[in-house]
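**Student:** Have a look at this prediction, sequence included:
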Amino acid sequence: MAAVKRSCMFHTAKNSGHRADSMAGSSGKMRKMNPETLLDICAKFAAANVPFQRVEDRVSRIPEPVQQRIIFWSFPRNERDICMYSSLSNIPASGPDYQKLPFHKGVRLLESDCVDNVLQVGFHLSGTVREGGTLYTEPEKLFRVSISFDRCKITSVTCSCGNKDIFWCQHVVALSLYRIRNAELVQLRVPISETLLQMDRQQLQKFAQYLIAEHHTEVLPTAQKLADEILCANSEINLLPGAPDPTAGASVDDDNSWHLDEEQVREQVRSYLSQGGYYNTGKQLSSMFAKVREMLRAQDSNGARMLTLITEQFLADPRLLLWRTQGTPMNDKCRQLWDELGALWVCVVLNPSSSFMEKAHWQQLLREWSHLEVCPFEDADNRVITMANHVSPDIHSNRQPGSSGSIRATPRTIFHRALEASDLQWNDKHLRYIMNSETYCLPRAGSSCSNAFNSQGQALWHEHIPTACARVDALRSHGYSKEAMRLAVAVVRTMKENQLQQRKQFASITSKTVLGRTGVSHTPVYCNHEGYIGHALDPVGSIFETLSEVCIIPEDTVSVTTESSVSVQANFGSTSSLNASQKYQHVSIPTSRDRTESYLTLALEAALIGLGQQRLMPSGLYAQDKACKQEEKLIVKLQEVELDCTLVEVMRRQAKLLLEGGPASGLGLGIHVESVPMHTFAKYLFTSLLPHDSELAYTVGLRAMRLPILEGSGDTVMNARWFTLGHIETQQCELASTMLSAAKGTSSKVSLSSAA
C-alpha cells in the first residue's frame with residue numbers, strides 16, 4: 001500500500017482582533033503563533049545534523065510521521081545558500097550583469113508561476129520548469145529538474161537544459177526556491193524503499209512491470225541485465241545485502257557537502273588562463289576567488305575544495321614552464337592572481353575550527369605544490385634568495401629580515417607563507433580570552449607588570465603584526481566576525497603600544513646620531529626591511545576593513561528584495577565593492593576606558609601607523625609597484641571617511657608621534673637612506689590637517705619633502721634600483737604644488753614651501 005499523501009503545513013496563525021496596549025497609542029491586530037511541536041523541534045535538529053542512515057540504525061522501524069518530518073526539514077531553508085551557488089561574487093547591484101545572474105533569472109521564473117509537478121520522494125526533489133523562448137516566435141521550453149539533498153545541503157542537481165557552468169542554472173534555482181517558499185504545497189513521500197516494503201509479491205511484480213512498460217525504450221536493457229544478475233546465485237548483486245535507494249539520503253560515511261561540479265571548475269579556470277592576461281579574464285578569476293571567500297565565510301567545506309581545484313589548474317598553466325625556462329617574470333596581472341591565491345591559502349589553513357586531519361592534508365598538498373619545478377617564487381621578480389639581508393622573515397617570529405645570517409638553500413615559493421601559517425595554533429590561553437570575551441581586561445589601569453596588557457589594562461597581542469593581521473583576516477573570512485573584531489582591537493592597541501615604546505627607545509639614540517640636512521642617517525640604528533605596506537598579506541588593509549566594516553551606516557548596505565516579500569541579503573563580495581561612497585559612524589568598543597575610542601578611530605590609527613612606518617624600498621619592479629598601489633588604495637579608503645572632531649584629534653596625535661618616532665617612522669629623524677619616501681601619505685595628512693592645524697600640516701609636509709636616497713653615498717645611489725622613481729618624483733611635485741597652493745597669501749608659508 002502506497003504511503004498516505006500528507007500535506008505538510010506550517011503552523012499558520014489565525015488573526016484575532018486585539019487592541020494594542022493603550023500606552024502605545026495605537027491599535028491593530030496581533031498574530032497569535034502556535035508553538036512548534038516537540039516532533040518538529042527534534043526533526044529539525046536531526047534533519048540538519050544526523051545522517052538518516054544513523055536514525056534508521058537506531059530503531060528497527062521508524063514511524064512514518066517521524067520519517068516525513070525529518071525528510072521535510074532536510075531540505076535547505078535559507079535562500080542565501082541557493083544564491084551562493086548560482087551567482088558570481090563582486091557583481092554590483094546596479095551593474096548590467098546583475099539581472100543576468102542565474103539566481104535572479106530563477107526568481108523571475110518562480111514568480112511567473114513557471115514551476116510545476118513538484119514532488120518530493122524521500123531526499124529527492126523533482127519538478128518541471130517552463131521557460132519562454134528568447135524570441136516571441138520561439139515556443140515555450142520545458143525543463144526537467146532533479147535535486148538530491150541531505151542534512152540541509154543540496155548534494156546533486158541535474159537539469160535537462162544541459163547547463164555547463166560552475167553555478168546552478170536558473171531552473172534548479174526556481175525549483176529550489178519553490179520548495180523553500182512553498183514547502184507546504186509540495187507532495188511529500190517517504191523514501192521509495194519504505195514504500196516497497198509495504199508491498200506484497202504480487203504488488204511488487206505489478207510495480208516493476210508497469211515501470212518497465214512506462215519507460216521500456218530507456219530502461220528495458222538495464223532491467224533485463226539486472227534480472228539476469230539476480231537470477232544468478234553467485235552474482236555480485238546477490239552477495240551484497242540490501243539494494244541502493246537514491247531517495248533514502250546519504251549514508252553515514254558519505255561526505256556531506258553542497259553540490260559543486262569539479263570538472264566545470266577545472267574547465268572554466270583552464271579556459272580563463274588560456275585567454276592570457278586580458279582584463280575580463282582576470283576579473284572572472286578574481287570573482288572565483290571572491291566566491292571561495294564567500295564559501296569560507298559560510299563555513300562551507302567547498303571553499304577549500306574549490307581553491308584546491310583552482311590551484312591545480314594554475315600550476316598546470318603551460319606558460320609557467322616557459323617563463324621559468326626563459327628566466328623572465330610573469331606578467332603583472334597573472335602575478336596578482338598568484339598573490340591572491342597564496343593569500344587565500346594562508347586564510348584557509350588558519351581556519352580556527354579545522355581538524356588535525358584537514359591541516360595535515362593541506363600541508364601535504366602545499367608541500368607537493370612547492371616542490372614542483374614550475375611553482376612560482378615568493379619573489380615576483382624570480383630572484384633566488386641567497387643573501388642574508390633578503391631572507392624573508394618567518395611568519396612565527398618578530399625578527400626583522402636580515403637579522404639572521406643563515407642562507408636559504410632553496411628559494412621560497414608562493415605557498416611558503418601558507419605552509420608556515422599551517423603550523424600556527426589557536427590554543428593560547430591569552431589569545432582565546434581576547435577572542436571570546438569583550439570584557440577581558442585588568443580590573444584597573446596599571447595593575448599589571450605583564451606586557452600582555454597596556455597601561456590602561458587593555459589586552460594586547462604581541463605577535464609579528466602581519467601574522468596577527470592574518471589571524472584576524474582568517475577569523476573574519478571563516479565567519480567568526482565577533483572574534484575577528486576583538487582580536488583586531490587588541491592588534492591595533494599593540495601597534496600603538498609598540499609605537500610609543502619605539503619613540504621612547506629612539507629618543508636618546510637619535511640625539512647622538514649624525515644626521516643629514518633632512519634628518520637622514522648614513523648609520524641608522526634601525527630599519528624595516530619588510531614593511532606593512534606592500535606586504536603579500538596586506539595586513540593594514542585587512543585590519544582597516546575589519547574595523548571599519550562595522551562602522552558603515554546600515555542604510556548603505558545592499559539587499560535584494562523579491563516581489564514575494566522575501567529579502568535575500570546580497571553576498572557578492574565585500575560591501576566596498578558595491579558602494580561608490582560609504583558613510584561611517586562611530587561605534588563604541590565595549591568596556592573601553594577611553595571615551596573617544598571607537599572601532600573607527602582604531603581603524604584610522606592602524607592605517608596611519610602602517611602608512612607612516614619606515615620601510616626600505618623593496619627590490620624589484622613588481623614589488624615596488626605593488627607597494628605604491630597598496631598605499632594609494634588605502635589612502636582612497638581613508639578619504640572616504642568624513643573627519644569629525646574625534647578623528648581630527650586622532651590624526652593630530654598620530655602626526656606628532658610619527659614626527660617624533662625616530663628611525664622607526666617614515667617621517668622621523670635618523671631614517672635609512674633607502675627608505676621609501678612619504679610624499680603620497682604626507683599629501684593626504686597635509687590636506688586633512690590643514691583646515692584644523694595648519695602649522696602641524698606644514699611641518700608634516702616639509703618633513704616629507706625629502707628624498708632620502710639622494711643623500712646617500714655615490715655607491716648607494718648607483719646600486720639602488722628604484723624602478724618607480726618617476727612616480728616618486730611626480731608625487732613629490734604634487735605635494736610641493738599642494739603646499740604652495742595652500743600657502744598663497746601667507747608669505748611665511750610660501751617661503752617655507754619654496755625652500756622645501
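**Tutor:** Arrived safely. Numbers count the residues shown, from 1 in each chain.

**Student:** Phi and psi next, for Leu616.
**Tutor:** Taking degrees, to the nearest 10, you get phi -70, psi 150 for the backbone angles of Leu616.

**Student:** Isn't it up against His529?
**Tutor:** Yes: taking C-beta atoms under 8 Å as the definition, Leu616 is a contact partner of His529 at 5.4 Å. C-beta: built from backbone N, CA, C; applies to glycine.

**Student:** can you map out the helices along the stretch 151-300 of the chain?
**Tutor:** In the stretch 151-300 of the chain, the helices defined using DSSP state H, counting those that start in this stretch lie at 170-181, 192-197, 201-214, 216-231, 236-239, 262-274, 279-297.

**Student:** Burial-wise, tell me which of these comes out on top.
**Tutor:** helix 170-181 (a mean of 25; mean count of other C-beta atoms under 10 Å).

**Student:** Which elements pack onto that helix?
**Tutor:** helix 79-84, helix 102-111, strand 115-121, strand 124-131, strand 141-150, strand 153-159 (3 or more C-beta pairs under 8 Å, 6 or more residues apart in numbering; DSSP states H and E).

**Student:** between the ones you listed, which one is nearest to Ala736?
**Tutor:** helix 79-84 (50.0 Å; C-beta to C-beta).

**Student:** mind listing what's buried in that closest one?
**Tutor:** Along helix 79-84, these residues count as buried under the neighbour rule (16 or more other C-beta atoms under 10 Å): Glu79, Asp81, Ile82, Cys83, Met84.

**Student:** who's in contact with the third one?
**Tutor:** By C-beta atoms under 8 Å, 6 or more residues apart in numbering, the contact set of Ile82 is Pro76, Phe103, Gly106, Ile154, Trp168, Val173, Ser176, Leu177, Ile180.

**Student:** Measure how buried Phe45 is and give me the count.
**Tutor:** By the criterion of other C-beta atoms under 10 Å, Phe45 has 12 neighbours.

**Student:** which residues does it contact?
**Tutor:** Taking C-beta under 8 Å, 6+ apart, we find Phe45 in contact with no residue.

**Student:** tell me which element Leu547 is part of?
**Tutor:** With the criterion set as DSSP states H and E, the secondary-structure element containing Leu547 is helix 539-549.

**Student:** Give me the contacts around that helix.
**Tutor:** Outside helix 539-549, the residues that touch it by C-beta under 8 Å, 6+ apart are 465-466, 468-470, 472-473, 476, 484-485, 488-489, 491-492, 532-533, 574-576, 584, 599-600, 602-603, 606-607, 609-611, 630, 633-634, 637, 641.

**Student:** quick one: Lys482 is in a helix?
**Tutor:** Yes: using DSSP: H, G, I helix; E, B strand; the rest coil, the assignment for Lys482 is a helix.

**Student:** helix or strand for Met357, which one?
**Tutor:** The secondary structure element spanning Met357 is helix 356-370 (assigned by DSSP H and E).

**Student:** Quick check: buried residues in that helix?
**Tutor:** By neighbour count, and taking 16+ other C-beta under 10 Å as the criterion, the buried residues in helix 356-370 are Glu358, Lys359, Trp362, Leu365, Leu366, Trp369, Ser370.

**Student:** State the distance from the residue nearest to the spatial centre of the chain to Ala343.
**Tutor:** When the chain is reduced to its mean C-alpha position, the nearest residue by C-alpha atoms, centre = their mean turns out to be Arg293, at 3.3 Å. The spacing between Arg293 and Ala343, counted by C-beta to C-beta, to the nearest Å, is 10 Å.

**Student:** ok, now Ala298?
**Tutor:** Distance of Ala298 to Ala343, computed by C-beta to C-beta: 19 Å.

**Student:** neighbour count winner among the two?
**Tutor:** Under the neighbour definition other C-beta under 10 Å, Ala298 and Ala343 were set side by side, and Ala343 has more, 21 against 17.

**Student:** what residues are up against the more buried one?
**Tutor:** When contacts are counted by C-beta under 8 Å, 6+ apart, Ala343 is found next to Arg417, Ala536, Leu537, Asp538.

**Student:** Sitting in helices, which of the residues you listed do you find?
**Tutor:** Arg417 (DSSP state H).
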